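1. attaching a predicted model along with its sequence, questions to come.
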Amino acid sequence: MIDRVITSGTFSLDGGTWEVDNNVWLVGNHREVVVIDAAHDAEAIAARVGGREVRAIVCTHAHNDHINAVRELAERTGAPIRLHPADQVLWEQEYGDKLGYEPLADGERVEVGGCALEILHTPGHSPGAVCVHGPELGVVFSGDTLFKGGPGATGRSYSSFETIIDSIRKRLLTLPPETVVHTGHGDSTSIGAEAPHLEEWIARGH
């Protein structure tokens, strides 16, 4: 079972602040879930979780709009916070040394509701960006690495266009074309819908 909560708030980096809507994804069954990206509104996320156990709060990356509700949600649920340690510098911008997490590793499998979610390290949007692949579910949760229409933004600190293109080419476009891509913002898409446009993105330096 896959569920989405859309939350609203702000994203701040490099001295700027922008209003954003975020997709928070819940994956699991009637007993337990994994929350992907605790953004903005812990109360709304906890309400959607209901009485289920939260096995983990997985952060696709540590930009503040994807982690700014993680402390409250972890306190409410007792769930471990999971993040790739390459995003430590961004994590500290939000939480300093006041909040810890359990490191995520490329290739790790997170079990929930009878299925396994595989962690794919996909740097570029940020150094520790990951995507969460559910092969049995036919989905990948792409965070801000891949959207409907192209790669995530790389114009700010700690990001790289060349790196995100490399990640998308090697880690995402190799997935089955029917794989549904559930993104960190906006509408979902599929690997098959995005793959033909890779060279266009490179040409325009999107």
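-> Received, thanks.
2. from V35, how far out is G78?
-> 12 Å (C-beta to C-beta, to the nearest Å). C-beta: built from backbone N, CA, C; applies to glycine.
3. these two: which is more packed in?
-> V35 (32 against 8; other C-beta atoms under 10 Å).
4. the strands in the protein, which residues?
-> Applying DSSP state E to the chain gives strands spanning 2-13, 16-28, 32-36, 53-58, 81-83, 102-103, 109-112, 115-121, 130-134, 139-143, 146-147, 150-151, 180-183, 189-190.
5. any idea of the angle the third one forms with strand 2-13?
-> When axes from the mean of the first three to the mean of the last three C-alpha atoms, to 10 degrees is applied, the directions of strand 32-36 and strand 2-13 differ by 30 degrees.
6. just checking, what packs against strand 32-36?
-> In terms of contacts (3 or more C-beta pairs under 8 Å, 6 or more residues apart in numbering; DSSP states H and E), strand 32-36 is packed against strand 16-28, helix 42-49, strand 53-58, strand 109-112.
7. reformat the strands of the chain as a markdown table; add mean pLDDT.
-> As requested, these are exported to a markdown table (pLDDT from 0 to 100):
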| stretch | mean pLDDT |
| --- | --- |
| strand 2-13 | 97 |
| strand 16-28 | 97 |
| strand 32-36 | 98 |
| strand 53-58 | 98 |
| strand 81-83 | 98 |
| strand 102-103 | 98 |
| strand 109-112 | 97 |
| strand 115-121 | 97 |
| strand 130-134 | 98 |
| strand 139-143 | 98 |
| strand 146-147 | 98 |
| strand 150-151 | 96 |
| strand 180-183 | 98 |
| strand 189-190 | 98 |
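8. so which of the ones you listed comes closest to N68?
-> When those are compared by C-beta to C-beta, strand 2-13 sits nearest N68, at 6.6 Å.
9. on that earlier part again, which of the helices and strands packed on strand 32-36 sits most buried?
-> strand 53-58 (a mean of 23; mean count of other C-beta atoms under 10 Å).
10. just want the angle from that strand to strand 16-28.
-> Going by the same axes, to 10 degrees, strand 53-58 makes 140 degrees with strand 16-28.
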